[in-house]
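1. sequence plus predicted model, see below.
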Amino acid sequence: MLRPSFPRRGLVRGIGAAAAAVALASGLTACGGDAEATRPAPSGKVTVGALSNGAAKEAELTTPVVESLRAQLPAEVRDRGELVIGVGALPAGFPPLAYVGTDQRTLTGAEPDLGRLVAATLGLKPVVKNSTWENLFLGIDGGKVDVAFTNVTVTEERKKKYEFASYRQDNLAFEVLKDNPWNFGGDHRSLAGKTVAVSSGTNQEKILLEWQKKLQGEGKDITVKYFPDANSVALALSGKKIDINFGPNPSIAYHLTQTASTGTPTRNAGSFSGAGESLQGLIAATAKKDSALAKPVAEAINHLIKEGQYGKLLEAWNLSNEAVTTSEVNPPGLPLTNS
């Protein structure tokens with residue numbers, strides 16, 4: 001991202017307002033700058049979805065060390081015995097990806113949980129450092145952070161300084177009331193006649209307005225609505241003043257868990273690549289270029305995919321619809337003109 005409120009960090013997406021509002025309301029705020037949290041676990045065991053305030057289903061996953069992958073690590077990291085994992089979730093966090101848990105201390109979320117699984121697979125102790133987005137990259141550049149798991153989108157611009165190991169699709173989603181039969185179906189024409197909420201200045205707004213222009217050329221239209229914050233969007237959706245909320249998939253996945261036990265539950269009615277029609281955007285672990293970390297991290301993720309822990313992690317955090325089949329080193333990223 002250029003510098004959005006939610007760290008998709010490739011293009012502005014605007015998930016942060018929703019996540020922060022819920023997190024703050026629940027008291028799940030992070031500590032001061034560069035907070036550091038470690039969660040030692042018994043050998044081969046990693047608990048995911050812990051302290052999630054209902055956002056995840058807690059599960060204990062077995063993750064034995066893979067010595068052949070450990071051997072691929074840079075000697076400095078292997079000998080240190082720790083993997084310093086960077087997360088840029090200060091000040092308020094962004095559930096379900098990274099935020100301070102119900103103990104008011106531990107950093108939880110799908111991102112640090114995956115980092116802990118990767119560390120366990122490589123036989124390293126996870127040391128999770130939570131900082132602001134800006135300080136995260138300063139930490140990578142200065143060698144204080146080995147690898148970031150913080151919803152970083154792969155871009156060609158970033159490849160000039162960093163190397164990547166992909167682990168999730170970068171998707172937008174359509175949220176509707178559970179009793180609404182509408183589904184996106186991959187065709188923007190299905191939005192004709194609908195009232196859609198979107199955050200101003202975001203990538204999803206850009207995509208939606210492009211679709212609106214195409215429909216207007218066919219004599220049809222979309223009614224686009226803007227609201228000051230996430231709570232206002234939720235009230236408009238539950239009150240049927242809008243048909244659809246169009247936003248980042250993780251934010252919507254989190255909101256589904258929060259509405260599930262209410263009188264107006266919502267559901268995901270389809271997704272669309274955050275990079276647009278021409279490219280599937282990818283989220284990736286991020287390390288300093290030429291650090292020799294992207295390859296062993298990607299192979300550790302592929303091991304977790306093959307053995308099933310990866311799928312269980314995403315299922316725990318309701319993010320299965322962003323799963324990748326393979327972790328790639330430096331996959332195609334958003335072009336320089338769109339980074």
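-> Looks like it arrived, so ask away. Computed from a prediction, not measured in an experiment: that's the story for all the values here.
2. got a list of contacts for stretch 48-61?
-> Applying C-beta atoms under 8 Å, 6 or more residues apart in numbering, the contact partners of stretch 48-61 are 26, 28, 45-47, 95-96, 101-103, 106, 108-110, 113, 116-117, 254, 257-258, 309, 312-313, 315-318. To be clear about C-beta, it is placed using only N, CA and C from the backbone, and glycine gets the same treatment.
3. just stretch 323-336 next, same as before
-> Residues from elsewhere that reach stretch 323-336 (C-beta under 8 Å, 6+ apart): 10-11, 153-159, 163-169, 275, 279, 281-282, 284, 294-295, 297-299, 301-302, 305, 310-311, 314, 339.
4. and those residues, which are buried?
-> Buried members of these, scored by 16 or more other C-beta atoms under 10 Å, are 10-11, 153-155, 158-159, 163-169, 275, 279, 281-282, 284, 294-295, 297-299, 301-302, 305, 310, 314, 339.
5. let's see which of the residues you listed end up in helices.
-> Ala294, Lys295, Val297, Ala298, Glu299, Ile301, Asn302, Ile305, Tyr310, Leu314 (DSSP state H).
6. so which bits of stretch 258-269 are buried?
-> Buried positions in stretch 258-269, judged by neighbour count with 16+ other C-beta under 10 Å: Gln258, Thr259, Thr266, Arg267, Asn268, Ala269.
7. in terms of pLDDT, where does the residue lying closest to the third one once chain neighbours are set aside sit?
-> Excluding its sequence neighbours, the residue lying closest to Thr266 (C-beta to C-beta, 6 or more residues apart in numbering) is Thr259, at 4.8 Å. The pLDDT attached to Thr259 in the predicted structure is 96.
8. again, but for Lys288
-> 98.
9. number of residues surrounding the residue nearest to it when sequence neighbours are not counted?
-> Nearest non-adjacent residue to Lys288, counting by C-beta to C-beta, 6+ apart: Ile140, 5.4 Å away. Neighbour count of Ile140, defined by other C-beta atoms under 10 Å: 22.
10. OK, contacts around Ile140?
-> Gly86, Val147, Ala148, Tyr162, Thr286, Ala287, Lys288.
11. for the residue most central in space within the chain, which three-state class applies?
-> Against the mean C-alpha coordinate of the chain, by C-alpha atoms, centre = their mean, the closest residue is Asn151 at 4.4 Å. For Asn151, the assignment made with DSSP: H, G, I helix; E, B strand; the rest coil gives coil.
12. strands of the stretch 151-300 of the chain, residue ranges please.
-> Along the stretch 151-300 of the chain, counting by DSSP state E, counting those that start in this stretch, strands occupy 162-169, 171-177, 195-197, 223-225, 244-248, 266-273, 282-288.
13. and the fourth one, what does it pack against?
-> Think strand 223-225. strand 195-197, helix 203-216 (3 or more C-beta pairs under 8 Å, 6 or more residues apart in numbering; DSSP states H and E).
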